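1. how would this look folded up:
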Amino acid sequence: MIELQLDKEYKLDSIHIIESFFEDKSKASKRGTCFSISKKLLLTAYHVIKGSNDLRIYLSSDSYINEEHIIANCIYFNEEYDIAILEILDERLDNFITLYSTSVGLDSDVQVCGYPVEKQHYHAPMNAKVTNNFERINSREYSFEISQSNTISKYAGMSGSPIIYNDNCIGVLRIQQGKNTLYAISIKDLLSDPALINILQKNQIVVNIQEGIDYQPPKHPKSPFKYCLSCNAEQPSIKGIDIGFVFQQWNISSFTETVHDWIIDYCLTQKEQANFEGGQRSLFKYARTNYPDNNLDALGDLCLHIAIRESYKTIPIINKVFDMNNKTFSCTHAVLNFDSLELWIGASSVSASIEEGIQSAITSINYINEIQSLKNRLFMLNSEIDKSWPHKDKLERLSNSTLDLDKRFDKIIIPIFIMHNSELISSYDEQNFMKLFNEHAQSCRELLKRDLEDGSVDFINLRVFYFPVSDIEELNSALLEELHS
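-> Here you go, the predicted model:
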């Protein structure tokens with residue numbers, strides 16, 4: 001039963017050991033992982049086979065122990081992408097993995113399986129999260145990175161492993177860097193090579209392509225934040241935010257100057273911006289009148305809006321703070337992640353202490369999870385979805401009252417922004433800052449896990465942003481002064 005589950009979830013029956021031998025007998029052989037993409041073709045990392053004159057494929061662990069191999073030839077390679085396609089001549093493969101060309105979403109859960117040398121001949125299935133995406137960088141060497149597993153320390157032999165999402169291969173593992181990062185090349189990037197496309201077409205290999213793959217979210221201003229911590233090892237995932245220090249002084253002026261440029265993006269929806277008649281300065285003044293100066297919670301909501309716009313490919317739908325039934329609504333965004341539609345409903349808290357901040361956030365989380373609260377939120381979306389938006393048909397699912405509530409989206413994500421006064425900032429210790437920041441962030445996570453209902457952390461998909469500050473009132477006053485200068 002366990003083996004069948006592995007086959008299904010990690011495509012184990014399509015993943016194989018590859019061993020490269022060289023004409024120069026003084027050179028040691030190389031081990032790697034490859035996987036079948038058709039009955040005759042396999043995909044692997046090029047550096048595993050570079051310079052080899054003898055490629056041996058072992059279809060399983062037992063095959064490797066019994067020295068039962070099949071011979072393969074390299075029919076294509078791309079050294080820049082570190083990828084190669086191999087062909088076997090005298091055998092046919094029974095199982096293979098479908099290739100999926102898609103934009104890879106940050107924090108997405110993926111599966112990886114390969115044959116690390118440290119595990120000898122045994123396969124090593126692992127669950128991972130996408131921890132970074134380099135899609136917008138033209139000079140990128142890699143497409144994205146994923147988290148490592150606590151069951152593997154050295155990944156030699158895993159190069160060439162498929163990265164799997166929803167039974168399809170979205171990328172190929174290339175290299176390990178440091179103690180917590182694995183780099184990958186995406187199938188989407190591989191398909192930029194016409195020679196590869198030609199081979200796939202010649203062999204009648206169908207590649208699934210995500211609809212709207214080239215979607216880019218609305219542009220946003222420069223961010224004031226530095227993400228000094230990103231931890232997915234435990235749930236909920238947490239990102240630590242800082243704005244830096246200059247001559248031991250917290251960088252408030254830089255923060256307020258940069259946030260100034262976000263007021264339009266935060267206070268006005270894409271629809272309101274598109275319909276506005278007037279110049280940029282008039283647009284800013286109009287947006288500023290919509291910023292609730294007398295509501296300190298708006299500061300947290302504004303920061304949350306910035307954090308998720310920058311960190312994830314979100315479509316902002318409702319940005320302002322709304323009060324219904326004496327409850328505060330934070331921002332509502334949508335995310336097109338792979339082929340699914342995610343509804344992001346924010347919860348921010350601004351408080352004097354971390355304990356107060358956690359309790360405020362939990363109150364908001366519980367309210368978001370109430371069915372009537374969700375209905376109210378989705379009802380409000382109807383008037384905000386602009387007809388000019390890409391994927392409007394997908395977004396209109398959110399406000400379609402003829403559908404059952406749980407059919408209007410594929411997943412709910414609750415991003416939380418926790419801002420509180422902290423001695424970490426007011427009594428800045430440059431030498432120990434990162435160590436102390438990690439401790440504070442871990443404390444934030446533990447308090448959330450402790451105070452949420454049992455099982456809620458697993459049930460609710462949280463994204464936590466942690467932002468300790470020197471003095472909330474001082475920060476807010478400085479921002480208002482900047483906005484009205």
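2. what domains does the record give for this structure?
-> Following automatic domain parsing, the chain resolves into domains at 2-209, 226-483.
3. Could you check the pLDDT of the nearest residue to Ala352 once chain neighbours are set aside?
-> Counting by CB to CB, 6 or more residues apart in numbering, Asn421 is the residue found nearest to Ala352 once chain neighbours are left out, at 5.2 Å. Every residue, glycine included, has its C-beta placed from N, CA and C. If you check Asn421, the pLDDT there is 96.
4. number of nearby residues for Asn421?
-> Asn421 has 22 neighbours, counted by other CB atoms under 10 Å.
5. cool, and the one 10 residues further on?
-> The local packing count at Gln431 equals 7, with neighbours defined by other CB under 10 Å.
6. would you say it is within a strand?
-> No. Gln431: not assigned to a strand; according to DSSP: H, G, I helix; E, B strand; the rest coil it is coil.
7. sorry, back to before: so what pairs up with the residue nearest to Ala352 in the strands?
-> For Asn421, the beta-bridge partners are Val469 (DSSP bridges).
8. wait, what's in contact with it?
-> Asn421 makes contact with Ser351, Ala352, Ser353, Pro468, Val469, Ser470, Asp471, Ile472 under the criterion CB atoms under 8 Å, 6 or more residues apart in numbering.
9. List buried residues within those.
-> Ser351, Pro468, Val469, Ser470, Asp471, Ile472 (16 or more other CB atoms under 10 Å).
10. Go through those and name the one nearest Gly32.
-> Distance to Gly32 across these (CB to CB) is lowest for Pro468, with 44.1 Å.
11. So for the closest one, what's the nearest residue that isn't a sequence neighbour?
-> Excluding its sequence neighbours, the residue lying closest to Pro468 (CB to CB, 6+ apart) is Ser422, at 3.4 Å.
12. For the one you found, give me the backbone phi and psi.
-> Main-chain torsions, Ser422, degrees, to the nearest 10: phi -150, psi 140.
13. how about it, what does it touch?
-> Taking CB under 8 Å, 6+ apart, we find Ser422 in contact with Ile354, His440, Pro468, Val469, Ser470.
14. Could you pull out the helices in the stretch 101-250 of the chain for me?
-> For the stretch 101-250 of the chain, helices defined by DSSP state H, counting those that start in this stretch occupy the ranges 187-190, 194-202.
15. Need the ones you listed in TSV (columns: mean neighbour count, distance to Arg140 and mean pLDDT).
-> TSV is the format used below for the helices of the stretch 101-250 of the chain (neighbours: other CB atoms under 10 Å; distance: least, CB to CB, whole Å; pLDDT from 0 to 100):
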stretch	mean neighbour count	distance to Arg140	mean pLDDT
helix 187-190	24	8	92
helix 194-202	13	18	94
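16. Determine which of the ones you listed approaches Leu341 most closely.
-> Among the helices of the stretch 101-250 of the chain, helix 187-190 sits nearest to Leu341 (CB to CB), with 19.6 Å.
17. remind me which residues of the protein are low pLDDT?
-> Scanning the chain for pLDDT under 70 picks out the ranges 1-7, 176-180, 211-216, 233, 319-329, 371-372, 379-392, 453-460.
18. Next, name the residue at the spatial heart of it.
-> For the chain, Leu106 is the residue whose C-alpha lies nearest the centre (CA atoms, centre = their mean; 0.9 Å).
19. how about it, what does it touch?
-> By CB under 8 Å, 6+ apart, Leu106 lies in contact with Val130, Thr131, Asn132, Asn133, Ser311, Tyr312, Lys313.
20. For the stretch 351-485 of the chain, just list every one of the strands.
-> Assigned by DSSP state E, counting those that start in this stretch, the stretch 351-485 of the chain shows strands spanning 411-421, 461-469.
21. er, the stretch 151-300 of the chain actually
-> In the stretch 151-300 of the chain, the strands defined using DSSP E, counting those that start in this stretch lie at 162-165, 168-177, 181-186, 207-209, 226-231, 237-242, 245-246, 249-250.
22. tell me the angle the third one makes with strand 168-177.
-> I take that to be strand 181-186. 140 degrees (axes from the mean of the first three to the mean of the last three CA atoms, to 10 degrees).
23. Measure how far strand 181-186 is from the centre of its chain, please.
-> Distance of strand 181-186 from the chain centroid (CA atoms, centre = their mean, to the nearest Å) equals 13 Å.
24. Check which helices and strands it sits against.
-> Helices and strands in packing contact with strand 181-186 are listed as strand 144-146, strand 168-177; criterion 3 or more CB pairs under 8 Å, 6 or more residues apart in numbering; DSSP states H and E.
25. and what of the fifth one?
-> Contact analysis of strand 226-231 by 3+ CB pairs under 8 Å, 6+ apart lists strand 237-242, helix 433-451 as its packing neighbours.
26. what does the shortest one rub up against?
-> Residues outside strand 237-242 that contact it (CB under 8 Å, 6+ apart): 107, 129, 225-231, 303, 307, 311, 437-438, 441, 444-445, 462-467.
27. can you check stretch 226-236 too?
-> Stretch 226-236 is contacted by residues 107, 129, 131, 147, 150, 237-244, 311, 416, 434, 437-438, 441, 445, 448-449, 457-458, 462-464, 466 when judged by CB under 8 Å, 6+ apart.
28. Can you give me the first-to-last residue distance of that stretch?
-> Chord length of stretch 226-236, first to last residue, is 20 Å (CA to CA, to the nearest Å).
29. Can you list the buried residues in it?
-> Neighbour-count burial for stretch 226-236, with 16+ other CB under 10 Å as criterion, is recorded at Leu229, Ser230, Cys231, Asn232, Pro236.
30. of all the residues you listed, which comes closest to His123?
-> Asn232 (23.1 Å).
31. how about stretch 414-428: buried residues?
-> Going by neighbour count (16+ other CB under 10 Å), the buried part of stretch 414-428 is Ile414, Pro415, Ile416, Phe417, Ile418, Met419, His420, Asn421, Ser422, Leu424, Ile425.
32. could I get those as TSV with distance to Asn208?
-> TSV is the format used below for those (distance: CB to CB, whole Å):
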residue	distance to Asn208
Ile414	30
Pro415	29
Ile416	34
Phe417	35
Ile418	39
Met419	41
His420	45
Asn421	50
Ser422	47
Leu424	46
Ile425	47
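33. could you pull out the helices for the stretch 301-450 of the chain?
-> Using DSSP H, counting those that start in this stretch, helices in the stretch 301-450 of the chain cover 354-368, 371-381, 392-395, 423-426, 433-451.
34. so which of these is the most packed in?
-> Across these, averaging neighbours per residue (mean count of other CB atoms under 10 Å) puts helix 354-368 on top, at a mean of 19.
35. Switch the domains of the chain over to JSON lines; also include distance to Pro217.
-> JSON lines is the format used below for the domains of the chain (distance: least, CB to CB, whole Å):
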{"stretch": "domain 2-209", "distance to Pro217": "11"}
{"stretch": "domain 226-483", "distance to Pro217": "5"}
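36. Check the secondary structure at the nearest residue to Ile170 once chain neighbours are set aside for me.
-> Closest residue to Ile170 apart from its sequence neighbours, by CB to CB, 6+ apart: Tyr100 at 5.1 Å. At Tyr100 the chain is in strand, as set by three-state DSSP.
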